[in-house]
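[1] coordinates only, sequence not included:
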C-alpha cells in the first residue's frame with residue numbers, strides 16, 4: 001500500500017503508514033568498502049568498516065567438537081590425533097582396495113589401453129580415445145575443405161581407422177565386433193549363416 005507523507009510517498013511493506021524521513025533515501029555520494037565491495041552512505045560506512053574487518057575478512061577457526069567434549073580426559077588430544085591418523089589410513093586403504101577390485105572402475109580402464117603402437121601403449125585410455133577422435137575430425141575437415149575447393153578426393157590421404165573398443169570381441173566369420181553378451185549370441189548364428 002502506498003503511504004502518504006514523507007518524501008515522495010514511499011511504499012510501506014508493513015502497511016503501518018508513512019516511512020519516517022530518517023529512512024528516506026538522500027542523494028549523497030556512496031562509499032565503497034575495500035574489503036567486500038559493497039557501497040554505503042558515509043554514516044553507515046563508518047560502522048560497517050569495523051564490522052567488515054572483524055566478520056568478513058577474517059577466517060573463522062574450525063570448531064573441533066571432539067576436543068570440546070573431552071577437556072577432562074587426560075591425553076585426550078593425543079588420543080584424538082591418533083584416531084584421525086587411523087581414519088586417514090583406513091580411507092587410503094579402502095580407496096586402494098576399490099581401485100584393485102572394481103572391474104569397471106577407472107583403475108581397470110587405464111589398463112585397457114590400445115596397444116596399436118609403442119607410443120600409444122603408455123597413454124591412458126581416455127587420451128588415446130581423444131587423439132583418435134581428433135584425428136577423425138581432422139580427416140573430416142580435410143574432406144570438407146577438398147570438396148568445397150573442388151579438389152580431387154583421390155589426392156587426400158586415407159582417413160585414420162576407427163578405433164575399436166578393446167573390450168569388444170571380434171566375430172571370426174564376419175569380422176564385426178560385439179560386446180561379450182552380443183558376441184555369445186552372434187557368433188554361433190553367424191557360423192551357421194556363413195557355412
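    Arrived safely, thanks for sending. Since the structure is predicted, the reported quantities are computational estimates derived from the model, not experimental observations. Numbering: from 1, shown residues only.
[2] show me what the helix or strand residue 133 falls within is packed up against.
    Under the criterion of DSSP states H and E, residue 133 resides in helix 125-149. Contact here means 3 or more Cβ pairs under 8 Å, 6 or more residues apart in numbering; DSSP states H and E; on that basis helix 125-149 packs against helix 106-111. (Glycine included, C-beta is placed from N, CA and C.)
[3] now the helix it packs on: mean pLDDT?
    In this model, helix 106-111 has an average pLDDT of 44.
[4] can you check stretch 34-48 too?
    Mean predicted confidence for stretch 34-48 is 85.
[5] so which bits of it are buried?
    When burial is assessed from 16 or more other Cβ atoms under 10 Å, stretch 34-48 yields the following buried residues: 40, 45, 48.
[6] now do that stretch: distance from first to last residue.
    11 Å (Cα to Cα, to the nearest Å).
[7] neighbouring contacts of it?
    Under the contact criterion Cβ atoms under 8 Å, 6 or more residues apart in numbering, stretch 34-48 has outside partners 26, 28, 29, 30, 31, 32, 33, 52, 53, 56, 57.
[8] can I get these in TSV including distance to residue 86, neighbour count and secondary structure?
    Converted to TSV, those look like this (distance: Cβ to Cβ, whole Å; neighbours: other Cβ atoms under 10 Å; DSSP: H, G, I helix; E, B strand; the rest coil):
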residue	distance to residue 86	neighbour count	secondary structure
26	62	8	coil
28	61	9	coil
29	60	7	coil
30	55	11	coil
31	53	16	strand
32	50	11	strand
33	46	16	coil
52	42	18	helix
53	40	13	helix
56	37	12	helix
57	37	11	coil
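[9] Throw those residues into JSON lines and include distance to residue 122, thanks.
    As requested, the contacts of stretch 34-48 are exported to JSON lines (distance: Cβ to Cβ, whole Å):
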{"residue": "26", "distance to residue 122": "70"}
{"residue": "28", "distance to residue 122": "67"}
{"residue": "29", "distance to residue 122": "64"}
{"residue": "30", "distance to residue 122": "60"}
{"residue": "31", "distance to residue 122": "59"}
{"residue": "32", "distance to residue 122": "54"}
{"residue": "33", "distance to residue 122": "53"}
{"residue": "52", "distance to residue 122": "53"}
{"residue": "53", "distance to residue 122": "53"}
{"residue": "56", "distance to residue 122": "49"}
{"residue": "57", "distance to residue 122": "48"}
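[10] number of residues surrounding the spatially closest residue to residue 180 that is not a sequence neighbour?
    Closest residue in space to residue 180, ignoring its immediate chain neighbours: residue 169 at 6.1 Å, by Cβ to Cβ, 6 or more residues apart in numbering. If you count neighbours by other Cβ atoms under 10 Å, residue 169 ends up with 17.
[11] residue 169 against residue 177, yeah?
    Yes - at 6.7 Å, residue 169 counts as touching residue 177 under the criterion of Cβ atoms under 8 Å.
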